[in-house]
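> Here's a sequence, model it:
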Amino acid sequence: MNDGTAQSNGETRLAYILGVPLADDVVRQWPQMGEIVRGRELIGRVEGNFEELTLAVGARYRIGDLLVVEWSNDYGDGAIYRNVTIAEIANGQAIRVTDYWGKPFETPDWRQDLTDRLDMSPGGRWPASQELIHQ
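The predicted structure is shown next:
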């Protein structure tokens with residue numbers, strides 16, 4: 001994993017994304033693949049396999065013991081993924097995290113007359129590719 005200790009306080013990329021430390025026994029879920037990883041150490045090992053990954057946080061929302069983060073990333077191939085991460089917080093640490101992400105695609109022709117364009121300004125909630133950094 002690239003050294004992001006200054007931004008993530010020696011934790012994982014996930015701790016940087018959330019802006020809070022991870023509990024030792026944190027559980028992270030990826031419903032898209034039906035996967036779960038248990039523990040801060042294993043989360044770091046999984047993250048370490050994506051050396052080219054860059055990311056930027058667009059917004060964090062704290063609602064009691066829940067934290068919702070909107071963020072963007074690129075695995076190094078130029079494709080930008082838009083993500084939402086939801087964390088349960090206890091004693092100031094993330095204890096359960098669920099990530100949802102998706103690669104943007106063009107609006108299908110049949111839907112263009114039914115929708116408007118979402119403001120995706122470079123400095124807004126959904127960071128542009130030039131704003132993504134290694135963590």
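> what's the nearest residue to A56 if we skip its chain neighbours?
Computed as CB to CB, 6 or more residues apart in numbering, the closest residue to A56 that is not its neighbour in sequence is P127, at 3.6 Å. C-beta: built from backbone N, CA, C; applies to glycine.
> Can you get me a residue count around that neighbour?
24 (other CB atoms under 10 Å).
> The one 4 residues further on too?
Other residues within reach of E131, judged by other CB under 10 Å, total 16.
> Next: D77.
7.
> which residues in this structure form helices?
5-8, 13-18, 40-47 (DSSP state H).
> To N83, which of the ones you listed lies closest?
helix 13-18 (8.4 Å; CB to CB).
> Put the alpha carbons of the closest one into PDB.
The C-alpha atoms that make up helix 13-18 are tabulated as PDB, following Å, rounded to 0.1, in the frame of the first residue of the first chain:
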ATOM      1  CA  ARG A  13      -7.300   4.100   3.200                       C
ATOM      2  CA  LEU A  14     -10.700   3.400   4.700                       C
ATOM      3  CA  ALA A  15      -9.800   5.300   7.800                       C
ATOM      4  CA  TYR A  16      -8.800   8.200   5.600                       C
ATOM      5  CA  ILE A  17     -12.100   8.000   3.700                       C
ATOM      6  CA  LEU A  18     -14.100   7.900   6.900                       C
END
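> Quick check: closest non-adjacent residue to G39.
Per CB to CB, 6+ apart, closest to G39 is D25, 5.9 Å.
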